[in-house]
Structures are given as structure tokens and as C-alpha cells.
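In: just to be clear, the model below is a prediction. Sequence and coordinates:
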Amino acid sequence: MNYILEARELRKEYPGRLALRGLNLQIAPGEVFCLLGQNGAGKSTTINLFLGFVAPTSGAAFVNGVEVAAQPLKIKEYLAYIPEQVMLYPHLTGLENLSLFSSLAGFQYKEPELQAYLARAGLSTEAARRRVGTYSKGMRQKVGIAIAVAKHAKVLLLDEPTSGLDPKASNEFSELLRQLSAEGTAVLMATHDIFRAKEVGTRVGIMREGKLVDVRPTAALNAHELEQLYLTYMHD
């Protein structure tokens, strides 16, 4: 099988702390893989290693077959990243942000095309013309999704994307992920939200102290069973 994301014995050590202990992970196109775990479990470190934000101590991360540490610029062609707080230019409109970020990725779109990407992400025409400084977190995330789609990203990396979202915004976000997954986009999402992981994930992985301690297909568990499994691993 061709994996779009792969970690091979990925290890990250900081002074006095081992953040990741020999991670092995494969994610196929169209998969939504949710990483569950407490703060400090290694979820964000995993995403940062795939992004090339930090270098591995040993092992390797691959995106579309390209080793991240060897070709950090090349892998950006395949990735889009939505952190907990989407970083956009607050003085620009949603349209202007999308135009800027898609042009930086090498795409030049006319305004109707930009509007269509934002509308697909669930942002109204009126909102698209407002400054991002007036946006809620959910609206900023919609611009983030629109940027990912406009860039034709093969992989979406998400770090706690639903924290601080109200239920309606969370549901809208989940629906967008399902659509992207159906079109073949791979998603790796670090989250504390067990319910959301069950709802949108195809597989869930539970991390503890830098190790991936369990991986399950979400279809094999109901939300209660997943919660109990998670709590089992969180007990000392």
C-alpha cells in the first residue's frame, strides 16, 4: 500500500525529556487518523516532525515518500497545517488572506474562484469580505480549510482544531474533514476530543509518554468503548 504519511522509528529528545520514543505510523490517502493523549504525550511533537518544524533525534518522517528532514521545502507542496489558532493577517479580509496564501504556494486564482473555495469551506460571501480580525475561531478555521483546498494539499495536519469551538462550529468542521477525506485527502489530527475522534476518525491512536500504545479502527468501537479504552491507558 502507498502511504502518504509514514513515521519510521521516529524519536525526539529534548534536554532532560524524551518527547517521542520510536514512533512507527502509516497513514493512507483518505484516512483520518486521530491522535489521542494527554498534554505532553507526544501528539504535537509528532505533527511538528512531519511539518519539519523540529528535526528528529533519530528515525525518519516521510510525506508522499519524501523524507522530511532531507527535503523540508519539497514536503510543503503536499501539506497544509491548521494549528489550534489559525495564523492569518487580521487586517486583510478572508478573500485577501486566501489570495495571498494560495499565491505563495504558486497558485493564482481570480476572485470568483477564491469565493468558491471559501464558500465550499462554509464561509459566506459577506464574511469573506470582512477583515479577519473580526472573525471567530471557527471562521478562521474555514479560511484555513479553504487555503488547504486551494493548495491541493494531499495531507492536512491538525493540532487541537476543535478546542474552543462551539458545537455547531465543531460539527461544521467535522463535515468538512469528511468531505476532504472522501476526496482522498489524508488527515492527521491531534486532539483531546474523544467524541470528535470517534465521529470523524477512521483510526485512532492513543499516545502516552511519547509512545503510541494502541491503534484501533473507529468502526470497531462506540464512543463509550473508546472513552473507556483511553481512560485505561491514562491510569498509572
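Out: That came through fine. Numbers count the residues shown, from 1 in each chain.
In: tell me which helix or strand the closest residue in space to residue 120 that isn't next to it in sequence sits in.
Out: Spatial nearest neighbour of residue 120, chain neighbours left out: residue 149 (6.6 Å); criterion: CB to CB, 6 or more residues apart in numbering. In this view, the C-beta of every residue, glycine as well, is placed from N, C-alpha and C. Using DSSP states H and E, residue 149 sits in helix 137-150.
In: who's in contact with that helix?
Out: Helix 137-150 is touched from outside by 80, 82, 85-86, 88, 94, 97-98, 101-102, 105, 107, 109, 114, 117-118, 120-123, 127, 132, 135, 156, 161, 164-166, 169, 172-173, 176, 180, 185, with contacts defined as CB atoms under 8 Å, 6 or more residues apart in numbering.
In: next secondary structure after that helix?
Out: strand 155-159.
In: restricting to C-alpha, output the helix or strand just after that next one in PDB.
Out: Using DSSP H and E, the helix or strand that follows strand 155-159 in sequence is helix 167-182. Only the C-alpha atoms of helix 167-182 are listed here, as PDB (Å, rounded to 0.1, in the frame of the first residue of the first chain):
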ATOM      1  CA  PRO A 167     -20.900  22.500  18.900                       C
ATOM      2  CA  LYS A 168     -22.200  24.000  15.700                       C
ATOM      3  CA  ALA A 169     -18.800  25.000  14.500                       C
ATOM      4  CA  SER A 170     -17.400  21.700  15.600                       C
ATOM      5  CA  ASN A 171     -20.000  19.800  13.600                       C
ATOM      6  CA  GLU A 172     -19.300  22.000  10.500                       C
ATOM      7  CA  PHE A 173     -15.600  21.400  10.900                       C
ATOM      8  CA  SER A 174     -16.100  17.600  11.100                       C
ATOM      9  CA  GLU A 175     -18.300  17.700   8.000                       C
ATOM     10  CA  LEU A 176     -15.500  19.500   6.000                       C
ATOM     11  CA  LEU A 177     -13.000  16.800   7.200                       C
ATOM     12  CA  ARG A 178     -15.300  14.100   6.000                       C
ATOM     13  CA  GLN A 179     -15.600  15.700   2.600                       C
ATOM     14  CA  LEU A 180     -11.900  16.100   2.200                       C
ATOM     15  CA  SER A 181     -11.300  12.500   3.300                       C
ATOM     16  CA  ALA A 182     -13.800  11.300   0.700                       C
END
